[in-house]
Structure formats: structure tokens, C-alpha cells
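J.: what's the 3D shape of this:
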Amino acid sequence: MPNTAPATNALCLTIAATFVGAFAADDTVKVGILHSLTGTMAISEISCKDASVMAIDEINAKGGVLGKKIEAVVVDPKSDWPTFTEKAKELVLTQKVAAIFGCWTSVSRKHVLPVIEEYNSLLFYPVQYEGEEQSLNVFYTAASPNQQLVPAAEYMLEQGSKKFYLLGTDYVFPRTANKVLKAFLKAKGVPDANVQEEYTPFGHKDYQTIVAKIKDLAKGGGACVLSTINGDSNVPFYKEFANQGLTSTDCPIMAFSVAEDELRAMEVPPLVGHLAAWNYFASIDTPENKAFNAAFSAKYGKDRVTDDPIEAAYYGVYVWKAAVEKAKSFEVDAVRQAVYGLEFDAPGGKKKMDEKNQHTYKPVYIGEILKNGQFKIVWKSKGLVKPDSYSAYLWPKGDYPAPTGGPKKK
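T.: So this is what the prediction gives:
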């Protein structure tokens, strides 16, 4: 994948060369929080912002990083993709942040990527995604396809599913994710005729016709939905699913973007039995995870819950802190090198940063929705799963593109 945004003039090059050392000049170090606080994605992203701020507050309470307190610069890109570009530039060039924690949708990340690659900044990205990318300026702290999409589809096959309705929001993640899923299902012998695919816009509300199609597919049994619907469209989709009399017994939904936080905005009882694939659930029964849940609800309200992206947004800050302390520097190139191979404790258990590909070793879980809005874990991987930035089902020969971004040539 080529770098699509090289520096265009001498002024940009001068800025890129001089701003890097400025973020740690005083007694504080700035970091950017780049999550939508309004618009269709706010249902999911506000909690990621909260998780990052919570981690920052905890670190500051214990003395900060390298003797400096962390100052969180929170901006709102408003679920508008060009605004992500503008806000990323503001954070990097005006606020001179040491790192950025943020983005949810892949289209928002794609709009930020040219900025952080041009000026050699760092983004810690906390949401599962479609893969097919490896930027030296992004650390992907959530799942790659082999850590979510593929295990989920394989689980459904093992449960007897033979017909698959691939339903997603119309943007990068669902379309590329479904390429991976279709290639996987084909490799497993599922006929093309048994796989249907459909997309709706962001903020879509009317799922009556689509659910009718799913209901027709479900006749005779053996059907499931693999859902990459994102944002607040999940609310009307699940509601219409129940309105038309479909249940998890008739046609289970395996979701890739619905977690405990989204369930807070939904009528849960009709959703009982539907599934989601993640690398963390709030129901993981360990003292460390219970403490994390308690701290989050104590800080933000007793109705607040944790979930996979929240955990990833939270520990992403700690990964950056550990790398800064290991490198004894806030400089991007030094921090990047210090992240590789870093092992760390997270609320859901031990994890590890990959030695080379900017991604994270994680466990994989499949959960079943319970009446209380939590998930019962029904399947888990054996240990941590090594992340793949490119799917073997799309690149069978392994001739992956070279990473983009990284240090600027002097």
C-alpha cells in the first residue's frame, strides 16, 4: 500500500522536523483523544474516550510519565470523516501531541492515516478492523480478522449453520471484512448460493425489507446473520428482527460491532441468545477485571459498562506509557521500537504486542447475550492468538504489501 500523502512543500517538511520535540518541553506532555462525541458513532465512541481519559487520570495520580503529567486534548470529529482529518492535523501540528488515541470506523482511520504518516505521529487504534493494512504509524490494539471474523464464522459452521446473510454498514470495514468471510466460507466448502450480502448507509433506520429477506433465508433452518452493522443502526435492526418474530433459535446473529456498551441502548430481552465475537467481555471472572468494571462505573456512573473497545482504548494508553518509559523518550521513533514485543497486563488478562506487525496478541471469545445485557462466554481460544495484518484467505501466497509510513528519511 503506497503512502498516499507525502509532504507537499518545504513548510510542511520544516514543521515535521521541528514539532516532534516540542510536546515534552514543559512539565506536561500532551496526547490527543480523537473520538466522535456526537453523530451516529457517538453511541460507541464516547465510552472509548472515557476509557482513555480514565487511564490518563490513573497514570497522573501515580506521578505521570517520565516525571510529566499527561494532558488529554479531547476533540470531537462528530462522526464526519473529513473532520477526522482536520482534527488529526490540529492535534499533530497545533497541539503537538506525543500520540493520538482514537478512531472507531475504518473510514475515520483511513482519513487520519495520511496525516500521521506525513508527520510521523502515532495512533493507537482500539477497535477490531478488517486488516489489509500495516502502517508503521498505527498500533492496532484490537482484533485483526483472524482474531475475530474467522473464528466467529468457524464457530457458526460448527454449530450447524449452512446459510449466511452478510449484513453490514456501507464502508471499508464491512466490505473488506465480508471479502475475508466469503473467502473463508468458500474455502470451507460453502456454496456461493448460500451466502447473501447487503449493505446499508450509516444511520440507516428501516430494516423491514432486509429482515424479511433474512426471514425467508431462515426457512428450513441452518441460517445465520454475520453482522458488521456499526453505530446506532444496530438499534432498529435488532428491533425489527424481533418484531418479525425471528429469534436466536431461528436465525442467530453473530455480531462484530455490538458489545455491552451498545446493548445499553437496546431492548435486551428479545436479543437473548444472539452472539458476538470479541477479545474481551466484561463478564471475564477475574479479580483484575472486576476491579476494572468497578472503577469504570464508579467514575462514570453505575449504569456504565465495559466492553472490548473500551478495554483496548484503556490499555492502549498504558502500552504507550510503558513504551515511553522503556525508551526513556517521548520521540515517536524511539517509542515505536519500544512497543514491539511488549508484554503487559490488561483488565481481561495478559496480552502482547507483536514483534513486527504493529498488532496485538489477544485471546478470542464468543459470547451469548444474556437478559442483563452481559455476555455468557460460550467459546474461547487456547491462549493468545497471533495477529495477522493481512488475511491468508485473501493473500494465499503470503506476498503482502510492505508497511507504509514510518520514520522520515533525512
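J.: Beyond the helix or strand bottoming out on mean pLDDT in the chain, next helix or strand please.
T.: In the chain, no helix or strand scores lower on mean pLDDT, DSSP states H and E than helix 10-18, which sits at a mean of 37. Once the chain leaves helix 10-18, the next helix or strand it forms, by DSSP states H and E, is strand 28-34.
J.: can I get the CA coordinates of that following strand in PDB?
T.: Extracted C-alpha coordinates of strand 28-34, given in PDB (Å, rounded to 0.1, in the frame of the first residue of the first chain):
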ATOM      1  CA  THR A  28       3.200  18.200  30.900                       C
ATOM      2  CA  VAL A  29       3.000  16.000  27.800                       C
ATOM      3  CA  LYS A  30       0.000  16.300  25.500                       C
ATOM      4  CA  VAL A  31      -1.800  13.400  23.900                       C
ATOM      5  CA  GLY A  32      -4.800  13.500  21.600                       C
ATOM      6  CA  ILE A  33      -8.200  11.800  22.100                       C
ATOM      7  CA  LEU A  34      -9.900  11.600  18.700                       C
END
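J.: For Asn178, grab phi and psi.
T.: Main-chain torsions, Asn178, degrees, to the nearest 10: phi -70, psi -30.
J.: right, and it touches Ile229 too?
T.: No. In this structure Asn178 lies outside contact range of Ile229 using C-beta atoms under 8 Å: 11.9 Å. Placement of C-beta: from N, CA and C, glycine included.
J.: between the two, who's got more neighbours?
T.: Applying other C-beta atoms under 10 Å to Asn178 and Ile229 shows that Ile229 carries more neighbours, namely 26 against 23.
J.: how close does that one sit to Asn137?
T.: Using C-beta to C-beta, to the nearest Å, Ile229 is found at 29 Å from Asn137.
J.: circling back to that earlier point, which neighbours do Asn178 and Ile229 have in common?
T.: Gly168 (C-beta atoms under 8 Å, 6 or more residues apart in numbering).
J.: Can you get me a residue count around Phe202?
T.: Each residue near Phe202 was counted by other C-beta under 10 Å, and the total is 19.
J.: now the strands for the stretch 251-400 of the chain?
T.: Remark: strands assigned in the stretch 251-400 of the chain by DSSP state E, counting those that start in this stretch are 253-255, 275-278, 343-346, 349-353, 360-361, 365-369, 375-380.
J.: quick one: average pLDDT of the second one?
T.: The one in question is strand 275-278. Average pLDDT, strand 275-278: 98.
J.: For that strand, give me every contacting residue.
T.: 128, 143, 148-149, 151-152, 155, 248, 252-256, 258-259, 307-308, 364-369, 375, 378.
J.: Please repeat the previous calculation with a cut-off of 7 Å.
T.: The contact list for strand 275-278, computed with C-beta atoms under 7 Å, 6 or more residues apart in numbering, reads 148, 151-152, 252-256, 258-259, 308, 365-368, 375.
J.: now the fifth one
T.: Applying C-beta under 7 Å, 6+ apart, the set of residues contacting strand 360-361 from outside is Tyr140, Thr141, Lys351, Lys352, Met353, Asp354, Leu384, Val385, Lys386, Pro387.
J.: Pick the most buried one from the strands of the stretch 251-400 of the chain.
T.: The highest average neighbour count among the strands of the stretch 251-400 of the chain, using mean count of other C-beta atoms under 10 Å, belongs to strand 275-278 at a mean of 27.
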